[in-house]
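1. Turn this into a model:
(chains A and B)
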Amino acid sequence: MSAQGALRGIGGATVALFAALAFTPLSNGLYDVLVPPATPPEPAAAIVVLGSRVDDGVLSDSSLRRALGGVVLFRQGLAPLLVMLGAGSRGKPSEADVRVRLAQDLGVPATALLADPRGRTTRDEARMCWEDLAPRGMRRILLVTGSEHMPRAAALFRRAGFEVVEAPIMELSSTVSQPQARLALSRVLLRELLARAYNRVAGFL
Amino acid sequence: MDTAFIVVVVGLSSLAAALVARGRSRRRLRSAVGKTLETIGLAAVFLFLNVGVGFCLALLARVVGGRFVSLYHSDDVTILAVSILQALVWQWSREAEASAGP
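-> Numbering: from 1, shown residues only, chains lettered A, B, ... in the order given. Model prediction:
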C-alpha cells in the first residue's frame, strides 16, 4: 500500500472513531466497562483524598470535588482523620494546603486534618501516605478520588500496604448524551487506560 | 436530541455546499474527500508522534534530569490543534512541490 493509501486509511479510521465516540453511546459503554459501580463507604482509620491539580491557589474542578467528598465523609463520622494530598509549584501554596484551609472553613477541626504535599504521582502519594499513617497504626483507609481513577489508585494503595475502602467521586457523568461531553468522557477514559498500561508495563501494578 | 440536531445542521450545510458546487464532477469530489482523509490521517500521525515524544521527554526528564515532569502535559488539547496545523503545513508543502513540477 502506498503512503497516500495508508494515510487515507488512517484518516478514515480516525473519522469513524470520532463519529462513534461523539455520536453513539460507545464512550458511555466504555465507562461502564472500565469503572466499577460504587459501593457505600464504610468506617476507616483515615480518609485519604488524592491530589488532582491546583493553579496559583485555585483548585481544579476535580480537586474541589474530591476535597468536598472527603469533608462530607468526615462529617458523616466515617473516620477521625482527614488527609489531604496534592503537590504545588515552588513558592505557591500546595493543593494539600489549599484543601486543608477549605476543610477548616467548612468546619473540620485542625487537629483532624493532615496535609501532605509531597506526592506528585498516585504511586508517590501511596508511598508518602504509608509513611504518614503506618506509624500511627492507621492501615484501613477510605480512599477518595475520581471514579475512573479509583481502580488504579486503589491497587497502588493496596500495594503500598493499606486496606482500602473505596469512596469514588463522580467527576463526569457516565450517561452524557451531548457529543462534546461524550468526547470529553472518551478523553478521560483514554488517558486513564494509558496510565493503567504505563503502570503495568513499569511494574507498579 | 443533541446528536440529531448536529446531524441535521451539518446535513443542511452540506446540502447547501452541494448546490453551490453543482457542476463539479463526482471525480473531483472523490479526490477532495481522499485528500481530506489524507490530511486527517497526517494529523493523527502527528498527534501520535507529539504525544509519544512528550511522554518520552517527560520520562527522560524524570530519569536523567531527576526533575518531575507530569505525563499529563501530553494530554493538553492544544497538542491536537498543533498536530492539525502540522498536517496542513505538510500537506500544502507537498501540494506546492507537486504543482511546481520538476
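2. And the next helix or strand past the one helix or strand residue B:49 maps to?
-> Assigned by DSSP states H and E, residue B:49 belongs to helix B:26-63. Downstream of helix B:26-63, the next assigned helix or strand under DSSP H and E is helix B:78-100.
3. That next one and chain A in contact?
-> No. Helix B:78-100 stays clear of chain A (C-beta under 8 Å from any C-beta of the partner chain), getting no nearer than 9.4 Å. Yep, even glycine has a C-beta here, placed from its N, CA and C like the rest.
4. same for that helix, what does it pack against?
-> Applying 3 or more C-beta pairs under 8 Å, 6 or more residues apart in numbering or on different chains; DSSP states H and E, one finds that helix B:78-100 contacts helix B:26-63.
5. Residue numbers of chain A in contact with chain B?
-> A:4, A:6-12, A:14-15, A:22-23, A:120, A:177-179, A:187, A:191, A:195, A:198.
6. Tell me the buried residues within those residues.
-> By neighbour count, with 16 or more other C-beta atoms under 10 Å in any protein chain shown, the residues of chain A next to chain B hold A:7-8, A:10-12, A:14, A:22-23, A:120, A:179, A:187, A:191, A:195 as buried.
7. can you pull the contacts of the residue nearest to residue A:4 when sequence neighbours are not counted?
-> Sequence neighbours aside, residue B:38 is the residue nearest to residue A:4 in space, at 6.2 Å (criterion: C-beta to C-beta, 6 or more residues apart in numbering or on different chains). Counting by C-beta atoms under 8 Å, 6 or more residues apart in numbering or on different chains, residue B:38 touches A:4, A:7-8, A:11, B:91.
8. Could I get the CA-only coordinates of stretch A:53-60 as CSV?
-> As requested, C-alpha coordinates have been extracted for stretch A:53-60 and formatted as CSV (Å, rounded to 0.1, in the frame of the first residue of the first chain):
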residue,chain,number,x,y,z
ARG,A,53,-4.4,20.0,40.3
VAL,A,54,-4.1,23.5,41.7
ASP,A,55,-3.2,26.6,39.8
ASP,A,56,-1.9,29.5,41.8
GLY,A,57,-4.0,28.6,44.8
VAL,A,58,-7.1,27.8,42.7
LEU,A,59,-8.3,24.2,43.0
SER,A,60,-9.3,22.4,39.8
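9. any idea how far that stretch is from the chain center?
-> 15 Å (C-alpha atoms, centre = their mean, to the nearest Å).
10. Please enumerate the helices of chain A.
-> Here chain A has its helices, by DSSP state H, at A:3-23, A:26-34, A:61-75, A:95-105, A:122-133, A:150-160, A:179-201.
11. Walk me through the domains of chain A.
-> Annotated domains of chain A cover A:3-35+A:174-201, A:46-169 [automatic domain parsing].
12. Mean neighbour count, those: which tops it?
-> Ranked by mean neighbour count under mean count of other C-beta atoms under 10 Å in any protein chain shown, the domains of chain A are led by domain A:46-169, which reaches a mean of 19.
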